[in-house]
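In: Return atomic coordinates for the entry below.
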Amino acid sequence: MTRTFALAATVALASVTAIAQPAAAVTADPVKAIERQLSRGKGVRISETVRHSYGPSRTSGTRITGRVRLARTGPAAVAVTWRDVPGDDPAHSAIRIGPVVYCDAAQYPIPVPEGAAWVRHTRRAGHCGTMAVRAGLQPIDVYDPAMLRAVLRRSTRTAVRGGYRYQGAISYRELSRIVPKSYRHPATNARVTAASKGELAWRLFTGRDGLPTRLITTSTQGSGRSAVVMRVDTRYSGWGRPVTITAPPAAGTVDQDDLYGPPVPDPEPPSAAAN
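Out: I've put the predicted structure just below:
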């Protein structure tokens, strides 16, 4: 009887202990976390600091804030403001809704009609257009599940306070194999190809839910004294909150073609009969 009671008590104690022990924590997948955000069509806010180095002595910087409204295909609308530092130039802004980009008129070196505060673009918009793609100059597109997955596969993961850190690097030659053909490097606006020199290093921080909280990248293009180095530090907040982005008032907007004229088509290649 005593032995039976002791055995029962041991089994009961073991059961209580097993229940009391927490289950092993499951690491949230950042790719799946981003895919959920894209499917919900909500948004995120960003705050970004960029530092450029051109050769051994030339440096410049930019501070950026922005809002992004997401869709299944990625950022569907963007509102971004940036200021160069150091410097006394005013801040500039851009709004993108789908393929249309609105740039604040103060960015233009040519006269803008009186009362026009924005210029509407439907073709290339230079630096303004680059900013409006994802609200910043971050070379890693965290809103692209395929690119994010490729980055994570090349990362080492370390548990840190509040989540995880993913750290790694990739050459531009290898990067060219995993990004779309339309991908351009935000620092130079040049396409990344198998012939591109340099590399991209990163530290991506995520919360326990898998969503990015901070991304620090250092990218080097070229080599020697002509190398361009860009360090981008982006912080993400407000994932999943509604974001409303609207076009500027039509009364204060002028079309790009009204300033520069319609685009000139590329000349036709010479025909065989002309040779």
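In: Helix, strand or coil: sort out Asn189 for me.
Out: Here Asn189 is recorded as coil under DSSP: H, G, I helix; E, B strand; the rest coil.
In: tally of neighbours for it?
Out: Asn189 has 12 neighbours, counted by other Cβ atoms under 10 Å. For the C-beta atoms, the positions are set from N, CA and C on the backbone; glycine is no exception.
In: Excluding residues flanking it in the chain, which one is nearest it?
Out: Closest residue to Asn189 apart from its sequence neighbours, by Cβ to Cβ, 6 or more residues apart in numbering: Thr130 at 6.1 Å.
In: Touching, that neighbour and Gly136? I think so.
Out: No. Judged on Cβ atoms under 8 Å, Thr130 makes no contact with Gly136 at a distance of 9.3 Å.
In: Find the residues that touch each one of those two.
Out: Counting by Cβ atoms under 8 Å, 6 or more residues apart in numbering, the residues touching both Thr130 and Gly136 are Pro186.
In: Which one's more surrounded, these two?
Out: A direct count of neighbours by other Cβ under 10 Å for Thr130 and Gly136 places Gly136 higher, at 26 against 19.
In: could you say what helices and strands the strand or helix carrying Leu215 packs with?
Out: Per DSSP states H and E, Leu215 falls inside strand 212-221. Here strand 212-221 touches strand 198-207, strand 228-241, going by 3 or more Cβ pairs under 8 Å, 6 or more residues apart in numbering; DSSP states H and E.
In: relative to strand 198-207, how tilted is that strand?
Out: Put simply, strand 212-221 runs at 170 degrees to strand 198-207, going by axes from the mean of the first three to the mean of the last three Cα atoms, to 10 degrees.
In: picking up where we left off before, quick check: which of the helices and strands packed on strand 212-221 is buried the most?
Out: By mean neighbour count, with neighbours taken as mean count of other Cβ atoms under 10 Å, strand 198-207 ranks first of the helices and strands packed on strand 212-221 at a mean of 19.
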